[in-house]
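Undergrad: Build me a model:
(chains A and B)
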Amino acid sequence: MRRSGLGGQYLAIAAFAAVCLLVGWLVHNSYYQLIITLVLIWATAGVSWNMLSGYSGMISFGHAAFFGLGGYAMTIAFVQFDITPWIGIPLGVLVGMVAAIVIGLPTFRLRGHYFALSMLAYPLAMLYVFEWLGYQEVSLPMKREAPALYAQFSDPRAYIALALLLLVVCMIVSLHVERSRFGMSLTAIKQNEPAASAAGIDAWRWKMLALIVSAGMAAAAGGLYAIVLLVVTPQTMFGALVSAQALIIPMFGGIGVFWGPVIGAAILVPLAETLNAQLGNILPGIQGVVYGLAIIFITLLAPEGIYWSVRDRFGSRRAAGASKPSIARAAAIPAAAAAQQFKHPAAGGEALLSLNSVSRAFGGLRAVDDVTVAIKAGTIHGIIGPNGAGKTTLFNVINGFLRADTGSTTFAGSELVGRKPHEICRHGIGRTFQVVRAFPRMTVLENVIVGAYVGTASNVEAERLAMSARERVGMANEQAHAIAGTLTTKQLRLMELARALAPRPRLLLLDETLAGLSHDALEDIVAIIRQVNRDGVTIVIIEHTMQAMMKLADHFSVLDHGKLIAGGPPASVVKDAVVIEAYLGRKWMQRAKDPVA
Amino acid sequence: MEALKWPIIDFLQALSTGLLVGGTYGLMCVGLGIIFGVMRVVNFAQGDFMMLGMYVAYYLVTGFGVLAFLGPYAGPVVGAILAGPIVFVFGWLLHRFLISRVTGARVVSADAEGHYMQLIMTLGVALVLSNGGLILFGSLPLSVQTPLSRESWEIGPVFLNQARTVAFVLAAAFAVGLYLFLTRSDLGKTMRAAADNPIAAAYMGINVDRLHRFAFGLGVGITAIAGGLIASSQSFQPYIGFDFVIVMYAGVVLGGMGSILGAFWGGLTIGLVQQMSTLILPYQLQNTAIFVVFLLIIFLRPQGMFGRVAERT
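TA: Below you'll find the model as predicted:
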């Protein structure tokens, strides 16, 4: 996701601001000056929407809620309490941010279209409340004695400067979010939320933070919009078209990058405004039609927006330009240091993880039924059993995706039941998935860096941890900058393993890491798992390939229908009659007993 | 005694009006429910198809007076029913040229992203329809005036608006008819098969794309009939669709997404909530009450709301 350097982006923003000022100063028609102001305000609204929906993937259909609250807070403060907009707008930002917390608390429990449409309900509900409160049409009073003190200027160019200032501030905030762990975490959440939380990312917290920042930006834009229009109505502040514009502008211009909304606003706002001015009398709804058609066509032709389409067409810098400097830095890592990081005091034979009568049911199905097992520190513990035995469910209970109905899970002396996946990861339990959960549009290195965040507060250190984890699993340096979506199964498995290893966990849960691999690839990964274990990481592994498991595991636990039916050293477990029956059925039991057959 | 009597009568009045209004809401929700149930598409533009139904009924009955020969009683009813096939054709064409590009087999792999694309595409359709409606029909609020709109039947102390009562009876009849069609007829059974598993249905030789087109037309047509029925007891303008999207969505979610019969009961409940809210809230906050109830439903009844329940990890 990282593109050109920070300095280059600052330069681009400065150039953009200079062009805006220049055009604004040269244009003398006050109507065109108004359009430029509106472009800048709607670009800000779009940047605000992108902050939440573009980065995190939680599509909001209701940004008018924050936009409108910002506008109305400023207006009411001005009209009823004679508070200048210079204070009123920050006040509105505060109101918007508080609203973000109140709205986010319940709404982030939802996903997909439930989230999108619930967000739509908030501004529509507010619209009727503000109508009912008697704010159908509120005009800002003219302050002739001290206009500048009340943000009223006779020269429209002052508004251009003001709107530009706000937009540039929001762009710089977005730029820093994009480049930070904040932005990387949001991108990871967008691409695969379960994987992100299993990698230690507190999805809820980052999404909430994004919403708060986003709401503040939208509220500021709403306040400025009210100043420019001089009159607010519930429809212009909370109406469905406001929410739609905040969404359509960034989707049209380019999603997930702050230049997108700027491009979108620069194209759509003048188009809609000019058509409205020319044809508004005969075609009163032309603005809405323009936005509607724009989003229909962009969905069909370039679903990610203009920015990305243009970028893809003119050279694939997206992949190649990414983080060149880090390669040089990576070379400096001493290989010997890497191995050393994985040394944990393997307290000889003591239980690192113990499950005590853990059960989990789905309706009437007892997927995990009264399982008690102790995983000794420093061992490789194999979990086997037929399909549907509850193996993956057991992992989900251990790493917090599912809550155990009864029983307790203790890891290194502390209770895990009731903790969230990212907290459990922070405690030192990493995991991989049966079907690899990558962040498909990030590079290999970025995938692993996301995993490393939980291990360190410093971004440089996270990158160093990621590079050393990549080396641990034997992935070549050249692969580090490949996009994850283009990898082979083996590379994906290795990458996922590296992501889980990056924060230096004490326990690894490997869910069918060897499935679907060729014989050679399987041998390679078995060797890597062995080495990781030798470095002090305790491993619990689910696997069907019995030959590999016999070589790997020190201890077997056998699950069937959610129950633990056998446990012990591999050699004795595979001779256990109950196990053979569970795997092969009763008929085979007879044959096993009868040597002639 | 006298002090208690009025609140009770108010309550009974709100209850009966709520039931009558809720019947048409129920039919409206059935339309959205069919589209979601069969295609797994959230149609944001559903409210605007209802708006189209209202205007079709209006122009057939009052505007051009094509149905004037049927008289003031039968005319509006026939107008509302005719809105169904007209909007069906419109929906069919829209699916053929636009909606099918973001639905069906093409986007089965992109699970969540597919939903977003549909939602955003239909948001565009909604904007074009509502603002196009403004251009075509003007912003003046209209209603289909019939003698029934002003008449009421009295049952004890409770007044039943005749237009609403007729609308309720027709809406209920349509909902039952549709239910029988989906459960008894071959086409209905095929639709349900395609809804349960589009890929398996395709292997069984069912043309899923054509079936989706039919379901989309049917869904918007049914909602348009409901719109036409409401038009005789409520004034409307081209932007009315946005409010009703939430009404319909609330009903469908309440009834359990994918259940056609559930959608009717869900819509009925939403109508009741809207009318009962006037007992304690100011009249202007009716819709706010619906939005709050919608949010409560979505927060408190999360079961069956996250698509597949047990996602494999």
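
Undergrad: Tell me where the model's unsure across chain B.
TA: Chain B contains residues with pLDDT under 70 at B:1-4, B:104-114, B:301-313.

Undergrad: which residues in it form helices?
TA: B:2-39, B:46-58, B:71-97, B:111-137, B:147-150, B:162-184, B:186-196, B:198-203, B:208-230, B:240-254, B:260-280, B:286-300 (DSSP state H).

Undergrad: which residues does the residue nearest the centre of chain A contact?
TA: Centroid-nearest residue in chain A: A:Ile189, 2.2 Å away (criterion: C-alpha atoms, centre = their mean). With contacts defined as C-beta atoms under 8 Å, 6 or more residues apart in numbering or on different chains, A:Ile189 is in contact with A:Ser56, A:Gly57, A:Ala196, A:Ile201, A:Ala203, A:Trp206, A:Lys207. Where C-beta positions appear, they are placed from N, C-alpha and C, glycine not excepted.

Undergrad: Show me which residues of the stretch 1-150 of chain A are close to chain B?
TA: Along the stretch 1-150 of chain A, the residues adjacent to chain B under the rule C-beta under 8 Å from any C-beta of the partner chain are A:59, A:61, A:106, A:109-114, A:116-118, A:120-122, A:124-125, A:128-129, A:131-132.

Undergrad: now the stretch 251-400 of chain A
TA: So the stretch 251-400 of chain A meets chain B at A:251, A:282-289, A:291-296, A:299-300, A:303, A:362, A:392, A:395-396 (C-beta under 8 Å from any C-beta).

Undergrad: Pull out the buried residues from those.
TA: Taking 16 or more other C-beta atoms under 10 Å in any protein chain shown as the criterion, what is buried in those is A:251, A:283-289, A:291-296, A:299, A:303, A:392, A:395-396.

Undergrad: picking up where we left off before, filter the residues of the stretch 251-400 of chain A next to chain B down to the ones in strands?
TA: A:Phe362 (DSSP state E).

Undergrad: does B:Met121 really touch A:Leu293, like I thought?
TA: No - using C-beta atoms under 8 Å, B:Met121 and A:Leu293 do not qualify as a contacting pair, with a distance of 11.6 Å.

Undergrad: Helix or strand for the residue nearest to the centre of chain A, just tell me which one.
TA: Using DSSP states H and E, A:Ile189 sits within helix A:181-191.

Undergrad: Can you give me the buried ones in that helix?
TA: Buried residues in helix A:181-191 (16+ other C-beta under 10 Å): A:Arg181, A:Phe182, A:Gly183, A:Met184, A:Ser185, A:Leu186, A:Thr187, A:Ala188, A:Ile189, A:Lys190, A:Gln191.

Undergrad: got the angle between that helix and helix B:111-137?
TA: Angle, helix A:181-191 to helix B:111-137, by axes from the mean of the first three to the mean of the last three C-alpha atoms, to 10 degrees: 90 degrees.

Undergrad: can I get the CA coordinates of helix A:181-191 in PDB?
TA: What follows is helix A:181-191, C-alpha atoms only, in PDB (Å, rounded to 0.1, in the frame of the first residue of the first chain):
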ATOM      1  CA  ARG A 181       0.200   1.200  11.700                       C
ATOM      2  CA  PHE A 182      -3.300   2.700  11.900                       C
ATOM      3  CA  GLY A 183      -3.800   2.700   8.200                       C
ATOM      4  CA  MET A 184      -2.100  -0.700   7.700                       C
ATOM      5  CA  SER A 185      -4.400  -2.200  10.400                       C
ATOM      6  CA  LEU A 186      -7.500  -0.800   8.700                       C
ATOM      7  CA  THR A 187      -6.400  -2.200   5.400                       C
ATOM      8  CA  ALA A 188      -5.800  -5.600   7.000                       C
ATOM      9  CA  ILE A 189      -9.300  -5.500   8.600                       C
ATOM     10  CA  LYS A 190     -10.700  -4.600   5.200                       C
ATOM     11  CA  GLN A 191      -9.000  -7.500   3.500                       C
END
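
Undergrad: Let me know the average pLDDT across that helix.
TA: Averaged over helix A:181-191, pLDDT sits at 91.

Undergrad: right, and the helix or strand after it?
TA: The C-terminal neighbour of helix A:181-191 among helices and strands, as given by DSSP H and E, is helix A:193-198.

Undergrad: what's the most buried one of the helices of chain B?
TA: Across those, averaging neighbours per residue (mean count of other C-beta atoms under 10 Å in any protein chain shown) puts helix B:46-58 on top, at a mean of 29.

Undergrad: helices or strands up against that helix?
TA: helix B:2-39, helix B:71-97, helix B:111-137, helix B:208-230, helix B:240-254 (3 or more C-beta pairs under 8 Å, 6 or more residues apart in numbering or on different chains; DSSP states H and E).

Undergrad: Tell me which residues touch the closest residue in space to A:Tyr225 that isn't next to it in sequence, please.
TA: Among residues not flanking A:Tyr225 along the chain, A:Ile41 sits closest, at 5.2 Å (C-beta to C-beta, 6 or more residues apart in numbering or on different chains). With contact taken as C-beta under 8 Å, 6+ apart, A:Ile41 is in contact with A:Ala163, A:Leu166, A:Leu167, A:Ala221, A:Leu224, A:Tyr225, A:Val228.

Undergrad: Which pair in these has the greatest spatial separation?
TA: Across the contacts of A:Ile41, the longest distance by C-beta to C-beta is 13.4 Å; it joins A:Leu167 and A:Val228.

Undergrad: Among those two, which residue is more densely surrounded?
TA: Neighbour count, other C-beta atoms under 10 Å in any protein chain shown: between A:Leu167 and A:Val228, A:Leu167 has more, with 31 against 18.

Undergrad: quick one, what contacts that one?
TA: Here A:Leu167 is in contact with A:Leu40, A:Ile41, A:Ala43, A:Thr44, A:Val47, A:Val262 (C-beta under 8 Å, 6+ apart).

Undergrad: Tell me the span between the first and last residue of stretch B:145-163.
TA: End-to-end span of stretch B:145-163 (C-alpha to C-alpha, to the nearest Å): 10 Å.
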